[in-house]
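Peer 1: mind folding the following:
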Amino acid sequence: MMCATTKSYQHDHVSMDDDEDEGQGKSVDHPPSRKRHHCRRYSGAVVVFFLFVVLALAFFVHYIQRQDVPDGAVTKQNKELDDDHFQNTDDDSVFYDYEPEVEDEKALTLDNDGALNLEKLSQATHKAGNVTTGCETTILLMRHCEKNGDGTIDEDGNEHCDYVGHERANWLPSLFGSNARWPTPSYLYALSPIRESHSTYREVETLQPLSVTLGLPIRADYGTNNGIIHDLFHVMSSGQACSKLIVVNWRHHMIPNLARKLGCKTCPMEYPEDTFDQVWELKFVWDVAHTDVYRYSISHGESPPPATRLRRKLKKKKAGTKKPMKKVKSKKAYDGIQWSVYAYVTFQYFDPLHVSGSVGDYLTVPRPNGNHSSAAPNWLHNNF
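Peer 2: Numbering: from 1, shown residues only. The predicted structure follows:
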């Protein structure tokens, strides 16, 4: 309205000036034109400010709505946290010099950090000098026993395996050994049973029969992923884990994060919530390029590996040009021999009925009076 009035006034005023100065040929400065220009700038600023205020209010209302959750409402995420979540979080200062960010164990945003972890492991291994080409170490990541049946909470509020979970735990030793499915493990790790308000023994209970059978202690001192990684990397870099199998029993939603931090880029992004049977195998191999398996496959192939072709191409280019080649600085802090990680997802194939039948749960024994009864199960013979 103001700008419109000014424009009208300017039109009349300029017309008069033009009539008066028509014959003089003078250029006349028009103050009303400057007033109209300032008016437009002021109006634009007011509109921008108003839009900014509206957007700020919209974001504020959205934030309040997300935070304002009814007392009786339990979201899926909250249910998972209450049901199967260890409250402590990782402290990334174990491997990094910068200030760590506290993160949820379920957040899978550590792909790059996992590569950095593997690089630091390789550097430590090379410095120690105890690991030779072709050293293999396999880590089995397994979930704890079942927890869906009765008898999982004791009088003190501590959590345990259910009946089928204990059957699985007693069956696990049959999977390991010289003539079994997997080699005999050399290290057993379980998530620490210590919680903020109670204890959860499922991870330890899952490995307990295997520990007794092998006479191998369970290392259950770690409640975070970084804690166990620090120990695993120490064992691997020192050469103690060459040709060794390591079994880790962990919580399912922490397993993907643990695998990523161990440097496994091809591992799944989540462990299925509805299964206790899945097993992740992480095979670590030192200095793959010079192993017998790799060199044999290359020597019998039709062409050299890409890295060899690249080196030959660079050499020819260097010999045929007068200009010296510029050295490209590597972004990596360590360019020496590396650990390589290979992932494979498999299953235990646990069958409760088969296991119960194998140990005698369904074996009937005749009695003198003609009746029959079930014999007590024999878990010691491991005849599965």
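Peer 1: give me the neighbour count for Gly165.
Peer 2: Counted by other C-beta atoms under 10 Å, the residues lying close to Gly165 total 22. Bear in mind the C-beta positions are built from the backbone N, C-alpha and C, glycine included.
Peer 1: that one should be in a helix, yeah?
Peer 2: Yes: Gly165 sits within a helix when classified using DSSP: H, G, I helix; E, B strand; the rest coil.
Peer 1: what about the closest residue to it other than its chain neighbours, how many neighbours?
Peer 2: Nearest residue to Gly165 in three dimensions, chain neighbours excluded: Cys145, at 3.1 Å (C-beta to C-beta, 6 or more residues apart in numbering). Per other C-beta under 10 Å, the neighbour tally for Cys145 reads 27.
Peer 1: looks like Cys145 contacts Glu205 (just checking).
Peer 2: Yes: under the criterion of C-beta atoms under 8 Å, Cys145 makes contact with Glu205 at 6.2 Å.
Peer 1: re earlier: where does the residue nearest to Gly165 sit, in terms of helix or strand?
Peer 2: Under DSSP states H and E, no helix or strand contains Cys145.
Peer 1: give the contact list for it.
Peer 2: Cys161, Asp162, Val164, Gly165, His166, Arg168, Ala169, Arg202, Glu205, Thr206, Phe276 (C-beta atoms under 8 Å, 6 or more residues apart in numbering).
Peer 1: thinking the fourth one is in contact with Arg202, fair?
Peer 2: Read that as Gly165. Yes: between Gly165 and Arg202 there is a contact under C-beta under 8 Å: 7.1 Å.
Peer 1: shared neighbours, these two?
Peer 2: Taking C-beta under 8 Å, 6+ apart as the contact rule, Gly165 and Arg202 both touch His144, Cys145, Lys147.
Peer 1: of these, closest to Arg295?
Peer 2: For the shared contacts of Gly165 and Arg202, the closest approach to Arg295 (C-beta to C-beta) belongs to His144, at 41.1 Å.
Peer 1: one step back: what residues are shared contacts of Cys145 and Glu205?
Peer 2: In contact with both Cys145 and Glu205: Cys161, Gly165, His166, Ala169, using C-beta under 8 Å, 6+ apart.
Peer 1: most neighbours of all these, which one?
Peer 2: Comparing the shared contacts of Cys145 and Glu205 by number of neighbours (other C-beta under 10 Å), Cys161 comes first, having 25 neighbours.
Peer 1: quick one: contacts for that residue?
Peer 2: So Cys161 contacts His144, Cys145, Glu146, Lys147, Thr152, Arg168, Ala169, Tyr201, Arg202, Glu205, Thr206 (C-beta under 8 Å, 6+ apart).
Peer 1: now the residues you listed as CSV including distance to Asn117 and pLDDT?
Peer 2: Formatted as CSV, the contacts of Cys161 follow (distance: C-beta to C-beta, whole Å; pLDDT from 0 to 100):
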residue, distance to Asn117, pLDDT
His144, 24, 96
Cys145, 29, 96
Glu146, 32, 95
Lys147, 31, 92
Thr152, 35, 91
Arg168, 31, 96
Ala169, 31, 96
Tyr201, 29, 94
Arg202, 27, 95
Glu205, 30, 96
Thr206, 26, 97
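Peer 1: ok, the residues you listed vs Phe350, which is closest?
Peer 2: Phe350 lies nearest to Arg168 out of those, by C-beta to C-beta, at 5.2 Å.
Peer 1: contacting residues around the helix or strand the closest one falls within?
Peer 2: Here Arg168, judged by DSSP H and E, is contained in helix 163-171. With contact meaning C-beta under 8 Å, 6+ apart, helix 163-171 is reached by 144-147, 149-151, 161, 202, 205-210, 276, 348, 350, 352, 355-356, 359, 379, 384.
Peer 1: mind redoing it with 10 Å?
Peer 2: Residues from elsewhere that reach helix 163-171 (C-beta atoms under 10 Å, 6 or more residues apart in numbering): 144-152, 160-162, 202, 204-210, 212-213, 249, 276-277, 348, 350-352, 354-356, 358-359, 361, 377, 379-380, 382, 384.
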